[in-house]
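[1] I'd like to go over a predicted model; first the sequence, then the structure.
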Amino acid sequence: MNEMQTLAVVGAGTMGLGIAQLGIQHGLPTILFDLNPAALEKAQVAIAAGLGKLVERNKLTAEARDAALARLTVTTDLSIVQADLIIEAVVERLDVKHQLFQELAALNKPTTILASNTSSLPITQLAAPVPHPERVVGMHFFNPAPIMPLVEVISGVATAPAVADAVEALARRLGKTPVRAADAPGFIVNRVARHYYVESLKIVEEQVAPFEVVDELLEASGFKMGPFRLMDLIGVDTNFSVTSAMFASFHQDAKFRPSRIQQQKVDAGHHGRKTGRGFYTY
Ligand SMILES: NC(=O)c1ccc[n+]([C@@H]2O[C@H](COP(=O)([O-])OP(=O)(O)OC[C@H]3O[C@@H](n4cnc5c(N)ncnc54)[C@H](O)[C@@H]3O)[C@@H](O)[C@H]2O)c1
């Protein structure tokens, strides 16, 4: 498979904007699509700020920043979303991702790779109704995408080995450390990390300690971010969707049961940093 020349990212939220930044920073003309124009505006500001920080730290020249920004096209018009590789980073819902991949498949050549940044949805299920399912693959970045080195590369049952190889090679080109993971619920990192959130939420639900105290203690014990601060960074809604999907995938295994506290935050629209309020206020 030839080296990828063009990238498109669908969904300009927490993850999509960071992935698009990586693309333009590493020389790929990148289309960033979202249904919501406000999300695209916010993403453009965040990407410029992200690259600006690299200039301040002498990791990028001002010229390289300007050249990177010139590679970015933002759009609400799906019909122009054509590329060698399309990475979707929309809401964690199988129905939404299915519809999107089918629309993208109709607009693109059969060799366009359709990658998903899903944290928990099975790649095999995601690929099943998509024309040419052998080009569907998991490419799971971590938050914040421009900074975190790990990328999980996940092959579903139908994924062609050359497709996973191409995505792995691209991850390296983006300066990342790709790791192959099997198509199991939550792959590797989220399966382990789930208990960091689920157990901390239980502690608060059972009134063992308030959430601020849980954060303080875990940070003092060496974790970079306490679970509640981290959920606010991830997006409380996204984190809740991931737990819910894993709970379903593990056949309602109680150890993955989503929390009522988290459900309430989602219902109230307190989705974390991106909405200005989650467990904390920003
Ligand atoms: N937040 C994290 O820390 C994190 C980390 C790794 C992976 N992920 C995964 O990345 C994906 C995106 O998560 P996020 O936190 O960036 O979400 P988000 O809520 O921050 O952003 C999602 C964006 O997708 C847009 N969108 C929704 N439906 C769309 C559609 N049909 N077409 C185009 N755009 C659409 C929304 O307008 C929004 O801007 C999810 O699958 C999530 O599981 C999230």
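    Structure's in. What do you need?
[2] against Gln21, how distant is the residue of the chain found nearest the ligand?
    Here the chain gets closest to the ligand at one residue, Gly13, 1.8 Å apart by CB to the nearest ligand atom. Placement of C-beta: from N, CA and C, glycine included. Remark: distance between Gly13 and Gln21 (CB to CB, to the nearest Å) = 13 Å.
[3] which one's more surrounded, the two?
    Gln21 (27 against 18; other CB atoms under 10 Å).
[4] any idea how far Leu69 is from Ala83?
    With CB to CB as the criterion, Ala83 and Leu69 are 18 Å apart.
[5] these two: who's more crowded?
    Higher neighbour count among Ala83 and Leu69: Ala83, with 23 against 16, using other CB under 10 Å.
[6] which residues touch Leu17?
    If you count contacts by CB atoms under 8 Å, 6 or more residues apart in numbering, Leu17 has them with Leu32, Lys42, Ala43, Ala46, Ile47.
[7] sorry, back to before: next up, the contacts around the residue of the chain closest to the ligand.
    Counting by CB under 8 Å, 6+ apart, Gly13 touches Asp34, Ala39, Ala43, Ala89, Val90, Gly235, Lys274.
[8] per-residue pLDDT, it?
    We have a pLDDT of 97 for Gly13.
[9] can you start the count at 23 instead of 1 from here on
    Got it, the first residue is 23 from now on, which makes the last one we talked about Gly35.
[10] number of nearby residues for the residue nearest to Glu241 when sequence neighbours are not counted?
    Leaving aside its sequence neighbours, Glu241 sits nearest to Gly248 (CB to CB, 6 or more residues apart in numbering; 5.1 Å). When neighbours are defined as other CB under 10 Å, Gly248 has 23 of them.
[11] what's near enough to touch Gly248?
    Going by CB under 8 Å, 6+ apart, Gly248 touches Ser222, Val236, Asp237, Glu238, Leu239, Leu240, Glu241.
[12] and the stretch 23-172 of the chain, which of its residues are near the ligand?
    Contacts of the stretch 23-172 of the chain with the ligand, taken as CB under 6 Å from any ligand atom, map to 32-38, 55-58, 61, 111-114, 118, 122, 139-141, 162-165.
[13] one more time with 5 Å
    Contact residues, the stretch 23-172 of the chain versus the ligand (CB under 5 Å from any ligand atom): 33, 35-37, 56-58, 61, 111-114, 139-141, 165.
[14] then the stretch 173-304 of the chain?
    Residues of the stretch 173-304 of the chain lying close to the ligand by CB under 5 Å from any ligand atom are Ile256, Gly257, Thr260.
[15] work out for me the element the last one sits within.
    Using DSSP states H and E, Thr260 maps to helix 258-271.
[16] give the buried residues for the helix or strand just after that helix.
    The C-terminal neighbour of helix 258-271 among helices and strands, as given by DSSP H and E, is helix 282-290. Neighbour-count burial for helix 282-290 flags Ile283, Gln284, Lys287, Val288 (criterion: 16 or more other CB atoms under 10 Å).
[17] which residue comes closest to the third one once chain neighbours are left out?
    Right, Lys287. Closest residue to Lys287 apart from its sequence neighbours, by CB to CB, 6+ apart: Val258 at 4.7 Å.
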